[in-house]
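Provided below are the primary sequence and the corresponding predicted coordinates.
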Amino acid sequence: MSLTRPARCLFCSFSRTATPGTRVPRRQFHPTPAPLTNRKPKFPNVKSPENSTRSALKADDFKSYTEEEKAHLAKEYSAAQMEAIKAGEASIDPKDLSEQSIRRTDPYRFKYLDDFSVIEPGIDRNVRAPESNSDYNFKLKSEDQFIEDFGRFFAESNEDIKPADFVRFAESLRLTEGKEENELNPHSALVPDLFGPGETIDEPRVEERKSAAEKGEKERSLEAEELTDALKSLLLATGYTERQVRELRTKTLVSHSVVNQTRLGKVRRAYRLSVAGNGNGLLGIGEGKSEEAADAKIQSQYRAIRNMQPVPRYENRTIFGDVTGKVGAVELQLMHRPPGFGLRTQHLIYEMCRAAGIHDLAARVNRSRNKMNTVKAAYEALMSQRDPEEVARARGKKIVDVRKVYYAGKV
Amino acid sequence: MSLVNLAHARLSLTSIPNSNLHLKLCNALQNSGYISSVVRGGPTPPPAHPILGYPAANDEVEGIEPVTLDNVASRRLWLGLKYWRNESVLGKVKMVSKPTRRVTIDVEGLRRVVRGEDSGYVGGLRSPGESLFLSTDRGILEARECVEKKLGGLVLCRVL
């Protein structure tokens, strides 16, 4: 123990903490001091009667109506209602009122008067059509049934059919067969709108919303005009929508310039190699060459999207067996790995796996590591996987996935 | 093994020199489903089975010429090769033991190999449909059979 202790500690020896022996009621098994028995609480305890939310109302505060007040009430209410008021006044004891009526004064009281007897839709609870309204076996009416409906309408109505009658008929005409509620008031899991159709808090909002909607339409029409020919033909060829194409994972992996030597001189062009995938088993690579780098990129991406092919994946995370690929001097091996291993590969193969939705893989690139040929060789390797089902059928042997058996098919 | 080149050449029937090792290995390959038939015949291919379309060792109609002292030198093994979906079933055969370096493996090592791990000079079986053939004292067997029977032995070849 050091002799140069601060003076504070010297004074501490006179305080209570310095004499622990007397205040420790039982044996201590650890160096932490036992809780002090006669310690003062840090904060004063709040007892419930002090924190009462009840207002201090007395029986005297509830007085019966004076003659003057009664005269005022009589102007508003009928004689029978006045009788009822009088009976009510007589039946309730002011003493009970003072004891049972609660007027809260705490900071969490409601700032408005409400007895909470009514459920407010949108505030308390979303009011939806009951689930029993749904009919999963509904069918759209056929043309013959519509003709029947019309025939019935004309047969049942009188000679002179007014336009109003026809409108009423058309509005009440059902388009589907099955439960009527399913068509008129279907159940929906979605949260209902706070306002009904055409209902708003105030007017300007409607206009704002309208203008916003118009703007959106304009933008959309502009976008539609902006669709390039290349994108249009891509959409046509692949059957994807523009949004689906935008959601695909595309990545430009290789970019350099290439030169064509002509008798007029060197013609430089930009070269791009892109991969595209949906992150769920589809992968394609595409090359693009153009005088403009941006053009080449777009070209390569669209070609990659067109070239997308399914990549076999084991358990949707890794590959079937170890595969090799060779393009030019690039020789590479892709090796399957257990769950949670990750993608321990170089960046090009990593991006390809990301696009294809492969999560566990190791790779080794031997000999040359040319970027373009690495991507091509990796694609070749991924596509050269052998399907165990095919192997089993080719050899006439039964092949069982032991992992699947062990985990009862839950992998 | 020249069998790989034969498969590349899209042959359906071929012959290899007759020896006891060849016969046993070919029977093991047939049991594993890599080749369709193994028949010991003469210099000309044996007649095809009327139903199967390729020569069969248990053909009762044509019969198999018995091996005698006179004709044993001219015997060859006639193998039927298999193809599935325009690809040869026998993809790649690679020798593991060579006359200059014999590779043997015990059961412990074989267990690791079957699980896909390397063991000594023998790499793991890491692809679907890959198999390893060993010469054991109970004949030529596949690696998984050896593990089942707790046998080690001389590693002959790896077939993919």
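Now that the structure is in, tell me what you want to look at. Residues are numbered from 1 along each chain as shown, chains lettered A, B, ... in the order given.

helices and strands around the helix or strand bottoming out on mean pLDDT in chain B, which ones?
Taking mean pLDDT, DSSP states H and E as the measure, chain B has helix B:2-8 as its least confident helix or strand, at a mean of 73. Helix B:2-8 makes packing contacts with strand B:13-17, strand B:76-81 when contacts are defined by 3 or more CB pairs under 8 Å, 6 or more residues apart in numbering or on different chains; DSSP states H and E. C-beta coordinates here come from the backbone N, C-alpha and C atoms, glycine included.

may I see the buried residues of it?
Buried residues in helix B:2-8, counting neighbours by 16 or more other CB atoms under 10 Å in any protein chain shown, are found at B:3, B:4, B:6, B:7.

shouldn't the first one be in contact with residue B:91?
What that stands for is residue B:3. No. Under the criterion of CB atoms under 8 Å, residue B:3 is not in contact with residue B:91, lying 10.5 Å apart.

just the pLDDT for residue 157.
Went with chain A since none was named. Here the pLDDT value assigned to residue A:157 is 81.

try chain B instead
On the pLDDT scale, residue B:157 is placed at 95.

state the helix or strand in which the residue of chain B positioned farthest from its centre lies.
Distance from the C-alpha centroid of chain B peaks at residue B:70, with 26.9 Å (CA atoms, centre = their mean). Under the criterion DSSP states H and E, no helix or strand holds residue B:70.

need the contact list for it.
Residue B:70 makes no contacts at all, as judged by CB atoms under 8 Å, 6 or more residues apart in numbering or on different chains.

and it, how close does it get to residue B:87?
41 Å (CB to CB, to the nearest Å).

cool, residue A:57 as well?
The spacing between residue A:57 and residue B:87, counted by CB to CB, is 95 Å.

residue A:391 too?
11 Å.

Validate this expectation: residue B:140 resides in a strand.
Yes. With DSSP: H, G, I helix; E, B strand; the rest coil as the criterion, residue B:140 is part of a strand.

chain B: helices as residue ranges?
Ranges of helices within chain B are B:2-8, B:20-31, B:107-115, B:143-149, based on DSSP state H.

higher neighbour count, residue A:391 and residue B:87?
residue A:391 (22 against 13; other CB atoms under 10 Å in any protein chain shown).

what does the helix or strand harbouring the more buried one rub up against?
In the assignment (DSSP H and E), residue A:391 maps to helix A:388-395. Outside helix A:388-395, the residues within contact range by CB under 8 Å, 6+ apart are A:320, A:398-399, A:401, B:32-34, B:82, B:84-85, B:87, B:89, B:128-129.

lowest-pLDDT helix or strand in chain A?
Quick look at chain A via mean pLDDT, DSSP H and E: least confident is helix A:20-23, a mean of 51.

domains for chain B, by residue range?
Domain ranges of chain B: B:2-88, B:93-159, per automatic domain parsing.

lowest average pLDDT across those domains?
Here the lowest mean pLDDT among the domains of chain B goes to domain B:2-88, at a mean of 86.

what sits against the residue of the stretch 151-300 of chain A at minimum distance from chain B?
Of all residues in the stretch 151-300 of chain A, residue A:281 sits closest to chain B, at 17.9 Å by CB to the nearest CB. Contacts for residue A:281 (CB under 8 Å, 6+ apart) come out as A:310, A:311, A:313, A:316, A:356, A:357.

find the residue at the geometric middle of chain A.
Closest to where the C-alpha atoms of chain A average out (CA atoms, centre = their mean) is residue A:190, at 12.8 Å.

wait, is that residue part of a strand?
No. Under three-state DSSP, residue A:190 falls outside any strand and is assigned coil.

if I look at it, how far off is residue A:238?
With CB to CB as the criterion, residue A:190 and residue A:238 are 31 Å apart.

likewise for residue B:32?
43 Å.

not counting sequence-adjacent ones, nearest residue to residue 89?
Because you didn't say which chain, this covers chain A. residue A:64 (5.8 Å; CB to CB, 6 or more residues apart in numbering or on different chains).

that was the other one, I meant chain B.
For residue B:89, ignoring the flanking residues on the chain, the nearest one in space by CB to CB, 6+ apart is residue B:82 at 4.0 Å.

you'd agree the one you found is up against residue B:34?
Yes. The criterion here is CB under 8 Å, and residue B:82 meets it with residue B:34 at 6.8 Å.

could you identify the most distant pair in the buried residues of helix B:2-8?
Distance extremes for the buried residues of helix B:2-8: the farthest pair is B:4 and B:6 at 7.2 Å, using CB to CB.

need the overlap of contacts for those two.
By CB under 8 Å, 6+ apart, no residue touches both residue B:4 and residue B:6.

list the contacts of residue A:62.
So residue A:62 contacts A:94, A:97, A:98 (CB under 8 Å, 6+ apart).

only alpha carbons, please: show the helix or strand encompassing residue A:71 as PDB.
Assigning secondary structure by DSSP H and E places residue A:71 in helix A:67-76. The C-alpha coordinates for helix A:67-76 follow below in PDB (Å, rounded to 0.1, in the frame of the first residue of the first chain):
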ATOM      1  CA  GLU A  67     -84.700  26.900 -10.800                       C
ATOM      2  CA  GLU A  68     -83.000  29.300 -13.200                       C
ATOM      3  CA  GLU A  69     -81.000  26.500 -14.800                       C
ATOM      4  CA  LYS A  70     -84.000  24.400 -15.100                       C
ATOM      5  CA  ALA A  71     -85.900  27.100 -16.900                       C
ATOM      6  CA  HIS A  72     -83.000  27.300 -19.400                       C
ATOM      7  CA  LEU A  73     -83.000  23.600 -19.900                       C
ATOM      8  CA  ALA A  74     -86.800  23.600 -20.400                       C
ATOM      9  CA  LYS A  75     -86.200  25.800 -23.400                       C
ATOM     10  CA  GLU A  76     -84.000  23.200 -25.000                       C
END
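
how far away from the center of its chain is it?
Helix A:67-76 sits 60 Å away from the centroid of its parent chain (CA atoms, centre = their mean, to the nearest Å).

run a quick neighbour tally on the closest residue to residue B:4 other than its chain neighbours.
Nearest-residue entry for residue B:4: residue B:93, 5.5 Å, with adjacent residues in sequence omitted and distances by CB to CB, 6+ apart. Neighbour count for residue B:93, taken as other CB under 10 Å: 19.
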